[in-house]
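>>> Return atomic coordinates for the entry below.
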Amino acid sequence: MRPIFLRIGPLEIRYYGLMYVLSFILGYFLVRSLSRRKGLSLKNEDILDVFLVTIPLGIMFARLYYVAFHWSFYRTNLWEIPAVWHGGLAIHGGLIGGVLGLFISSRWKKVPFWSVADLVVPAVALGQTLGRIGNFLNGDAFGTPTTLPWGLVFPWDSPAGMAYPGLPLHPAMLYEAFGNLLIFFLLWRLSRRPAKPGFLAALYFVLYGIVRFPCEFVRGDALWLGPFRAAQVASVLLILGFGSWLLFGKLWQVEPKPRVH
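Numbers count the residues shown, from 1 in each chain. The predicted structure is shown next:
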């Protein structure tokens, strides 16, 4: 479990960054395939434009979200705010930025927002899976100490090793990676069936909330909102909000076509 994938002179390629690049590449091909399956008029260059707007906003908001929860440190170390290579991206912030980027892109390309969201969420789930594997190799997004036989001792110079030196920890990032992978397979399978716009997107947010909530109980580097774990608060809001829309909007049904008289 070492963070460096390749070192060429002063240049370092980290596994975490490599997983991000793989996520973007695979995500592009997944969205392209799903766009053709759904019959949306998105050309290859349109998908690239969507990515070029959505991904930077997702990364920026993921960083700002994390910084906001650690403002006591960053307010006296402002130069560290853009230093994402030192760690510190929060997925819920990334989702906020991603939704904003997707909204801007859908207006720009003149395609329905929720239809585009349905194209993107399987790729998001797969990207999160790869991202958590990157967390594992980097030793962050780690768990709390455990006596379970699969507990892992991380290198002393990793974030996990520095927080809990020499102690076996829950591989919390792998728990979530497995859950995200299941979400991806389910969304990809369900993408074959017709449904109302927003069905896959709403289902993704509900399922991610369900996966993330229990994982937070064993996170050793959780963000806190007062006495509550911030990710659990966000998960409850996602489940209630999108679950209500999914249920009462009956998004799994196909909208009937108007009769022609």
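>>> for the stretch 1-150 of the chain, what spans make up the helices?
15-38, 44-69, 71-74, 91-109, 113-138 (DSSP state H, counting those that start in this stretch).
>>> got the CA positions of the fourth one in PDB?
This file holds the C-alpha atoms of helix 91-109, laid out as PDB (Å, rounded to 0.1, in the frame of the first residue of the first chain):
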ATOM      1  CA  ILE A  91     -17.500  13.500  -2.000                       C
ATOM      2  CA  HIS A  92     -20.600  15.300  -0.900                       C
ATOM      3  CA  GLY A  93     -19.100  18.600  -2.000                       C
ATOM      4  CA  GLY A  94     -18.100  17.000  -5.200                       C
ATOM      5  CA  LEU A  95     -21.700  15.900  -5.800                       C
ATOM      6  CA  ILE A  96     -22.900  19.500  -5.300                       C
ATOM      7  CA  GLY A  97     -20.300  20.800  -7.700                       C
ATOM      8  CA  GLY A  98     -21.100  18.000 -10.200                       C
ATOM      9  CA  VAL A  99     -24.800  18.700 -10.100                       C
ATOM     10  CA  LEU A 100     -24.100  22.400 -10.700                       C
ATOM     11  CA  GLY A 101     -21.800  21.600 -13.600                       C
ATOM     12  CA  LEU A 102     -24.400  19.200 -15.000                       C
ATOM     13  CA  PHE A 103     -27.100  21.900 -14.800                       C
ATOM     14  CA  ILE A 104     -24.900  24.400 -16.600                       C
ATOM     15  CA  SER A 105     -23.900  21.800 -19.300                       C
ATOM     16  CA  SER A 106     -27.500  20.700 -19.900                       C
ATOM     17  CA  ARG A 107     -28.600  24.300 -20.400                       C
ATOM     18  CA  TRP A 108     -25.600  24.900 -22.700                       C
ATOM     19  CA  LYS A 109     -26.300  21.800 -24.800                       C
END
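>>> Packing partners of that helix?
For helix 91-109, the packing partners by 3 or more CB pairs under 8 Å, 6 or more residues apart in numbering; DSSP states H and E come out as helix 44-69, helix 113-138, helix 230-248. Bear in mind the C-beta positions are built from the backbone N, C-alpha and C, glycine included.
>>> rerun at 6 Å
helix 44-69, helix 113-138 (3 or more CB pairs under 6 Å, 6 or more residues apart in numbering; DSSP states H and E).
>>> What residues of that helix count as buried?
Buried residues in helix 91-109, counted by 16 or more other CB atoms under 10 Å: 91-103, 105-106, 109.
>>> Check the last one too.
Applying a neighbour-count criterion of 16+ other CB under 10 Å, the buried positions in helix 113-138 are 113-138.
>>> Return the member of the buried residues of helix 91-109 nearest to Trp224.
For those, the closest approach to Trp224 (CB to CB) belongs to His92, at 13.4 Å.
>>> Would you enumerate the residues in contact with the closest one?
By CB atoms under 6 Å, 6 or more residues apart in numbering, His92 lies in contact with Ala234.
>>> got it, and Ala62?
Listed by CB under 6 Å, 6+ apart, the contact set of Ala62 reads 89-90, 93-94.
>>> From Tyr66, how far off is the closest residue in space to Leu225 that isn't next to it in sequence?
Spatial nearest neighbour of Leu225, chain neighbours left out: Val233 (5.5 Å); criterion: CB to CB, 6 or more residues apart in numbering. According to CB to CB, to the nearest Å, Val233 stands 15 Å off from Tyr66.
>>> who has more neighbours, the two?
Between Val233 and Tyr66, Tyr66 has the larger neighbour count (other CB atoms under 10 Å), namely 21 against 17.
>>> Go ahead and confirm that one touches Ala90.
Yes - with contact defined as CB atoms under 6 Å, Tyr66 reaches Ala90; the gap is 4.3 Å.
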